[in-house]
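In: Structure, please.
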Amino acid sequence: MLKKIIKPAAFLLVFLIAIFTCMYFADKLQLDYDAEREVNNITIEAISIDAGGLGEITGKLYTPYTATAAFPAPAILLMHGYQNDKDTCSAYAIELSHRGYVVLTIDLYGHGSTSVGLIERGYVNHRVSVNFGEDSAEDGTFVSISGQTRYKIMMNFSNLSFFNDVYSRDGDGNSIRDSSMGGIAAYAALTNFDFVDETRMAVGGHSMGTWASWSVAAAYTRAANVAGPDISPKAIVLQCGEIFTGSVYDSENIKFNNVLILQAKYEEFAMFRDFNNTVTNDLPKSALRSGFLGVPPGEAAWNTTYGSFADGSARRMELLNTNHRLVTHNSHGIATAIDWYNTAVSHHAGYPSTEHVYLYKELLVFAAMLLAIAAMLAFMELLLYIPFFAIVKQALPNRPERSKRGWSWWKGALITVLIAMVTYPFMTQLGHGLLPLPEGIFRMTIGNGFLSWYLLLIIIMVITTILPWRKSRKQAAAGEPEMSDMSDNTEDQPKSAGPIDYYDIGFAAEDSAGRFDWLLLFRSAIVAVLMAGFVYTLVTICQNMFLLDFRIIWPFFKTFSLERFLQFLVYIPFFATFFVLNNSKIFAQMRQPASSVPGFIGFISCWWKHALCMAGGIFLICLIEYVPFFIGIGPGADLLFSPTFGGPFMSLLLVFFPQIIVLSILCTYIYRRTGHVFVSGLAAGIISCWIIAGGSAML
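Out: Numbers count the residues shown, from 1 in each chain. Reported below is the predicted structural model:
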């Protein structure tokens with residue numbers, strides 16, 4: 001056995017070395033390591049901030065070595081968007097801190113490691129469907145809403161606590177309590193560091209974080225600490241921000257200094273493109289945007305600064321050739337923001353705003369994540385040599401009469417793809433907002449969307465498994481031959497395949513084909529848990545050593561707080577059931593002859609078909625959403641259905657699709673190595689549930 005484990009052990013060692021090498025250099029990039037002086041120019045530390053007795057807000061503080069009590073530096077508070085966390089702001093944080101700014105990124109309510117739930121933001125029983133200040137009950141754009149608490153909260157993300165009471169309160173006693181979602185407390189904490197120049201501070205945010213930025217700026221308008229200096233934000237940078245008229249808040253006493261809006265050309269969220277279908281060259285000329293820029297209607301333009309930094313009236317809208325989610329890592333946007341902050345707080349950085357290193361850090365961390373998944377497979381190979389897990393490694397069924405070929409396979413694949421495509425937009429949005437789940441138990445808002453979708457697909461998969469199962473048994477009992485799917489049968493004769501058993505659908509070993517193999521499931525579950533635990537250990541080590549987790553722009557693998565781990569336990573039965581059944585349908589029940597072909601060629605021959613079935617529907621939805629957008633018509637979901645079905649889950653496609661591709665590779669490899677669907681399905685379910693429960697929004 002020793003000779004057999006040398007190869008997987010060697011691979012595991014190589015992967016581990018590569019992982020920590022990637023994370024080491026990613027850490028050196030974020031710390032701005034100076035090789036000549038052999039010192040880090042930045043220190044990074046995790047901090048916690050009291051949210052007024054509600055709990056703790058977690059943050060990450062970037063401090064340049066030039067920031068001292070004797071020479072305090074300008075500071076910036078950065079706030080992320082919905083379903084993100086503080087490290088989504090890392091691109092901005094790295095580039096700004098490298099240029100001498102103290103930067104604080106925080107996990108807003110209900111996100112990341114912050115203990116305060118999203119519900120503490122508050123909500124009201126109404127919303128607007130146009131820009132604030134351009135709505136009314138008479139024309140139907142100021143509307144009442146009802147439904148689950150999470151739905152009311154999400155429909156009220158744009159309602160701000162400094163708005164007039166008509167927007168921030170309702171007749172049922174509900175109110176928007178803190179639309180900064182912890183930003184106000186974080187800004188106060190930032191002013192208290194002696195190495196921060198509290199008179200030269202600014203804020204910035206993305207998406208949901210832009211509303212938080214408005215709220216922080218409103219709270220600190222002309223604010224002064226006990227010593228007297230003005231600590232109001234001297235600049236606001238909004239990555240995909242909404243604009244409102246001065247009539248909806250106390251514009252006489254609230255002032256917003258030097259506002260820059262970074263506008264995505266391909267913006268999926270309607271409110272950030274002023275409820276137009278597309279972002280055009282004429283958008284700045286609207287009365288709302290011209291008013292924001294302070295110019296007469298029809299005269300405004302993109303990428304032009306209006307007003308004066310000296311009196312805080314500077315305004316600019318920069319058009320970025322990207323989509324909503326990727327604004328956070330758009331090089332043009334980051335350079336524009338750096339120049340804006342520099343001018344607003346009179347800061348002179350050491351090098352140009354266009355020279356960036358953040359993307360190298362992002363790619364290194366991404367590489368480490370992929371290497372961790374590869375290391376997990378090598379770890380699995382070692383586990384399978386342990387006698388206790390010997391049962392887990394089965395041979396793939398040698399039943400050519402059950403293989404799917406030609407039209408038989410393509411028919412099943414087409415149905416699978418179409419079901420996913422048709423159900424995704426509707427079921428995810430239903431679960432996200434309105435599915436009547438007990439919200440004290442099911443607290444993951446995006447998780448509820450996937451839960452709803454998976455439940456429907458589970459029902460469909462169970463039905464489509466039972467029907468052919470029963471049909472095959474009736475045919476066997478009646479002595480009728482079952483038509484073979486073997487397209488290369490030159491005689492084209494019926495060939496009896498016998499009744500379908502548990503071995504055929506991936507739920508048993510060959511010697512227990514007539515029954516569901518609980519022992520195989522039990523030991524496979526242990527293997528899957530150990531595999532995920534191995535990756536979790538790597539994440540824990542990297543977070544403790546480098547304050548970095550495994551991700552690419554979007555949060556993927558993070559360590560759990562206790563409440564997030566409990567949420568993982570709530571959702572894992574549904575996710576695991578879905579992926580086990582999904583692997584059974586695609587890998588076992590639609591098994592291809594290439595599944596048993598050894599080597600890389602055999603792997604590729606069956607993997608691309610597995611990937612087509614698992615991700616094909618998502619890919620088609622991507623095309624439906626973005627092709628009309630890119631040709632200048634508007635986002636497909638908005639046009640085909642309504643803006644209700646656009647937004648979060650459409651924007652999520654750009655992250656979800658590659659995730660499913662990776663899972664298809666993972667599951668194909670495991671299925672070919674184990675001969676059944678338990679390890680592959682459970683491992684995919686655990687990983688997917690971990691991604692959802694680890695850092696996304698929680699009530």
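
In: Specify the beta-bridge partners of the closest residue to S136 other than its chain neighbours.
Out: Nearest non-adjacent residue to S136, counting by Cβ to Cβ, 6 or more residues apart in numbering: F142, 5.6 Å away. For the C-beta atoms, the positions are set from N, CA and C on the backbone; glycine is no exception. Beta-bridge partners for F142, by DSSP bridges, are V128.

In: which stretches of the stretch 151-300 of the chain form strands?
Out: Remark: strands assigned in the stretch 151-300 of the chain by DSSP state E, counting those that start in this stretch are 196-206, 236-239, 259-266.

In: which of those strands sits most buried?
Out: strand 236-239 (a mean of 28; mean count of other Cβ atoms under 10 Å).

In: Tell me the strands beside that one, with direction?
Out: strand 196-206 (parallel), strand 259-266 (parallel).

In: contact partners of that strand?
Out: 81, 202-207, 209-210, 213-214, 217, 256-262, 327-328, 333, 337, 340-341 (Cβ atoms under 8 Å, 6 or more residues apart in numbering).

In: Which element, helix or strand, includes I692?
Out: Applying DSSP states H and E as the criterion places I692 in helix 678-695.

In: any idea how far that helix is from the chain center?
Out: Centre-to-centre, helix 678-695 and its host chain are 14 Å apart (Cα atoms, centre = their mean, to the nearest Å).

In: for that helix, packing partners?
Out: Under the contact criterion of 3 or more Cβ pairs under 8 Å, 6 or more residues apart in numbering; DSSP states H and E, helix 678-695 touches helix 445-478, helix 518-546, strand 554-557, helix 562-583, helix 653-674.

In: Let's see that with 10 Å instead.
Out: helix 358-383, helix 445-478, helix 518-546, strand 554-557, helix 562-583, helix 653-674 (3 or more Cβ pairs under 10 Å, 6 or more residues apart in numbering; DSSP states H and E).

In: which one of the ones you listed is the most hemmed in?
Out: By mean count of other Cβ under 10 Å, the helices and strands packed on helix 678-695 have strand 554-557 as the most buried, with a mean of 22.

In: what is the mean pLDDT for that one?
Out: Averaged across strand 554-557, pLDDT comes to 94.

In: any weak-confidence spans in the stretch 351-500 of the chain?
Out: Along the stretch 351-500 of the chain, segments meeting pLDDT under 70 span 480-497.

In: do that again at 50, thanks
Out: Low-confidence segments of the stretch 351-500 of the chain, defined by pLDDT under 50: 483-494.

In: Report the contact partners of the residue nearest to N257 when sequence neighbours are not counted.
Out: Using Cβ to Cβ, 6+ apart and skipping residues adjacent in sequence, the residue nearest N257 is G312, 3.6 Å away. Under the criterion of Cβ atoms under 10 Å, 6 or more residues apart in numbering, the contact list for G312 reads S232, P233, K234, A235, I236, K255, F256, N257, N258, V259, A344.

In: and the residue most central in space within the chain, what is it in contact with?
Out: Centroid check for the chain by Cα atoms, centre = their mean gives W554 as the closest residue, at 4.7 Å. W554 sits next to 83-85, 87-88, 325, 328, 652, 654-656, 659, 691, 695-696 when contact means Cβ under 10 Å, 6+ apart.

In: ok, and the closest non-adjacent residue to I231?
Out: E198 (4.5 Å).

In: sorry, back to before: would TSV of the strands of the stretch 151-300 of the chain with distance to F157 and mean pLDDT be doable?
Out: Formatted as TSV, the strands of the stretch 151-300 of the chain follow (distance: least, Cβ to Cβ, whole Å; pLDDT from 0 to 100):
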stretch	distance to F157	mean pLDDT
strand 196-206	12	97
strand 236-239	14	98
strand 259-266	17	97
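
In: so which of these comes closest to Q429?
Out: Closest approach to Q429 among the strands of the stretch 151-300 of the chain is made by strand 259-266 (20.2 Å; Cβ to Cβ).

In: distance between the closest one and the chain's centre?
Out: Chain-centre distance of strand 259-266: 21 Å, with Cα atoms, centre = their mean.

In: And the helices in the stretch 301-450 of the chain, which stretches?
Out: 331-344, 358-383, 406-429, 445-478 (DSSP state H, counting those that start in this stretch).

In: Just put these in a markdown table and tack on distance to S247.
Out: Formatted as a markdown table, the helices of the stretch 301-450 of the chain follow (distance: least, Cβ to Cβ, whole Å):
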| stretch | distance to S247 |
| --- | --- |
| helix 331-344 | 26 |
| helix 358-383 | 39 |
| helix 406-429 | 32 |
| helix 445-478 | 31 |
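
In: Out of those helices, flag the one nearest L520.
Out: Of all the helices of the stretch 301-450 of the chain, helix 358-383 comes closest under Cβ to Cβ, at 14.5 Å.

In: Count the residues that sit near V39.
Out: By the measure other Cβ atoms under 10 Å, the count of residues near V39 is 11.

In: Endpoints of stretch 577-592, how far apart?
Out: End-to-end distance for stretch 577-592: 23 Å, by Cα to Cα, to the nearest Å.

In: how about the contacts of G312 in a markdown table, adding distance to Q567?
Out: As requested, the contacts of G312 are arranged in a markdown table below (distance: Cβ to Cβ, whole Å):
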| residue | distance to Q567 |
| --- | --- |
| S232 | 38 |
| P233 | 34 |
| K234 | 39 |
| A235 | 37 |
| I236 | 33 |
| K255 | 41 |
| F256 | 37 |
| N257 | 39 |
| N258 | 40 |
| V259 | 37 |
| A344 | 40 |
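
In: Nice, that's everything, thank you.
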